[in-house]
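S.K.: using only what follows, build the 3D model:
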Amino acid sequence: VLDKIALTQIELPANVTAHPRLWPQLQKRAAMLADDAVDWATGEMFALGSLLLENRLVRISGQDSRRGTFGQRHAVIVDKQTGTSYFPLKEMSKRENAGKLYIYDSLLSEYAVMGFEYGYSVANKDALVMWEAQFGDFANGAQTIIDEFISSGEQKWGQTSRVVLLLPHGYEGQGPDHSSARIERFLALCAQDNMTVAYPSTPASYFHLLRWQALQPHVKPLIILTPKSLLRSKLAASAAADFTSGEFKPVIDDASVTKANVKRVVFSSGKVYYNILTERETRNITDIALVRVERLYPLPAPEIAALLSHYPDDVELVWAQEEPANQGSWPFVGLEFQIGRASCRDRYV
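M.R.: Got it, this is the predicted structure:
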């Protein structure tokens, strides 16, 4: 199935001419499975393509969703000579008589577009409906929709939704604007299992998360913090087997350490994990374990408790993040991370 999806990137009709700067990227994408180095956008393509082949409707809208804000998605190939648009996944789905794909570059009105996509997801609960911010903080323009509908529609009206918000997040030198998707705001709205907030760290984790959201019977909105620099990071690439087996894991243990020798467990989410991992390897440190929390809400407390049971009882616990202490996940985690001896009693970095 993944091979079939990958081949859509290079098996273009004779009358479609890809831009010469794009064509090598499409060739590289088609070869990623064989190279065991699947990047973020290709992992997403596998998720959407596989759902289409399972006769699901997939819908994405956002200010630059067809190309991808960071030139990573290329869900639409624009013919260099004629300017016409070609949709590889949509054409594959047509040939297979399978699901439908809708992907739009929307107008610059987050309130209107997110409101429409939320309504679409309420009306068609079998569809995977995604609204993508150009940068995560663009969701500010639709805060009313988030507050009044996405976070509380089920509680107020019994109105359920699978809508997904894709929010690019990461402090990559852009200052306070366009850096933070305001994770703290979403976590402050979480209560009584009203929605899911996730910050996956690998393309395969993102792949399984999207498929889980579309196929599970548990109908809840999903907030995903998506990457910027990790889109092309070799450290964040996933092997083919990570897609064809397994499932979404809300917490990922550190398999590279000898647990009996560990003195400190550092919890983190998303991009900062790779910053810490690189530093640990540079310093040749062997007594610090790095644990990734892929799902922030509902906090995977039982899984974390089970994971920590394999470490020494006196291990130091640390939460690490890019954001200032009053932002990001820490305000939520610091209060909610109460799982017996595994409370965040130690410190925040």
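S.K.: I'd guessed S65 sits against L101; true?
M.R.: No: using Cβ atoms under 8 Å, S65 makes no contact with L101, being 11.7 Å away. Using the backbone N, CA and C atoms, a C-beta is placed for each residue, glycine as well.
S.K.: V1: how many residues sit nearby?
M.R.: Neighbour count of V1, defined by other Cβ atoms under 10 Å: 12.
S.K.: please identify which helix or strand holds the residue lying closest to it once chain neighbours are set aside.
M.R.: Leaving aside its sequence neighbours, V1 sits nearest to S50 (Cβ to Cβ, 6 or more residues apart in numbering; 5.8 Å). Remark: S50 resides in helix 40-53, with elements defined by DSSP states H and E.
S.K.: and K271, how many neighbours?
M.R.: Going by other Cβ under 10 Å, the residues that sit close to K271 add up to 23.
S.K.: no, scratch that, I was asking about I224
M.R.: Other residues lying near I224 total 23 when counted by other Cβ under 10 Å.
S.K.: kindly export the helix holding S50 (C-alpha atoms) in PDB.
M.R.: Only the C-alpha atoms of helix 40-53 are listed here, as PDB (Å, rounded to 0.1, in the frame of the first residue of the first chain):
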ATOM      1  CA  TRP A  40       7.500  14.200   7.900                       C
ATOM      2  CA  ALA A  41       5.600  15.300   4.800                       C
ATOM      3  CA  THR A  42       5.900  11.800   3.300                       C
ATOM      4  CA  GLY A  43       4.700  10.200   6.500                       C
ATOM      5  CA  GLU A  44       1.700  12.500   6.300                       C
ATOM      6  CA  MET A  45       1.100  11.500   2.700                       C
ATOM      7  CA  PHE A  46       1.200   7.800   3.700                       C
ATOM      8  CA  ALA A  47      -1.500   8.500   6.300                       C
ATOM      9  CA  LEU A  48      -3.800  10.400   4.000                       C
ATOM     10  CA  GLY A  49      -3.200   8.100   1.000                       C
ATOM     11  CA  SER A  50      -3.900   5.000   3.100                       C
ATOM     12  CA  LEU A  51      -7.100   6.500   4.500                       C
ATOM     13  CA  LEU A  52      -8.200   7.300   0.900                       C
ATOM     14  CA  LEU A  53      -7.600   3.700  -0.100                       C
END
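S.K.: can you give the distance of that helix from its chain's centre?
M.R.: Centroid displacement of helix 40-53 relative to its chain, using Cα atoms, centre = their mean, to the nearest Å, is 12 Å.
S.K.: same deal with stretch 203-217?
M.R.: 9 Å.
S.K.: quick one: residues in contact with it.
M.R.: For stretch 203-217, the surrounding residues in contact (Cβ atoms under 8 Å, 6 or more residues apart in numbering) are 38-40, 42-44, 46-48, 50-51, 54, 56, 58, 128, 162, 164, 196, 198, 200, 222, 224, 226, 236-239, 242-243, 246-249, 252, 294.
S.K.: which among those residues count as buried?
M.R.: 38-40, 42-44, 46-48, 50-51, 56, 58, 128, 162, 164, 196, 198, 200, 222, 224, 226, 236-239, 242-243, 248-249, 252, 294 (16 or more other Cβ atoms under 10 Å).
S.K.: in contact with the nearest residue to T196 once chain neighbours are set aside, which residues are there?
M.R.: Leaving aside its chain neighbours, T196 sits nearest to L222 (4.7 Å; criterion: Cβ to Cβ, 6+ apart). By Cβ under 8 Å, 6+ apart, the contact list for L222 reads 162-165, 195-198, 209, 213.
S.K.: L222 bridge partners, please.
M.R.: In this entry, L222 is beta-bridged to V164, T196, by DSSP bridges.
S.K.: any idea how far P312 is from it?
M.R.: Distance, L222 to P312, by Cβ to Cβ, to the nearest Å: 36 Å.
S.K.: before we move on, the earlier item: need the contact list for the residue nearest to V1.
M.R.: 1-2, 5, 211 are the contacts of S50 under Cβ under 8 Å, 6+ apart.
S.K.: what about the spatially closest residue to A236 that is not a sequence neighbour, neighbour count?
M.R.: With sequence-adjacent residues excluded and distances taken as Cβ to Cβ, 6+ apart, A236 is closest to L230, at 4.5 Å. Neighbour count for L230, taken as other Cβ under 10 Å: 22.
S.K.: I'd like the distance between the residue nearest to V1 and L210.
M.R.: 9 Å.
S.K.: number of residues surrounding D147?
M.R.: D147 has 12 neighbouring residues, counting by other Cβ under 10 Å.
S.K.: I figured it hits A188, correct?
M.R.: No: the criterion here is Cβ under 8 Å, and D147 misses it with A188 at 10.4 Å.
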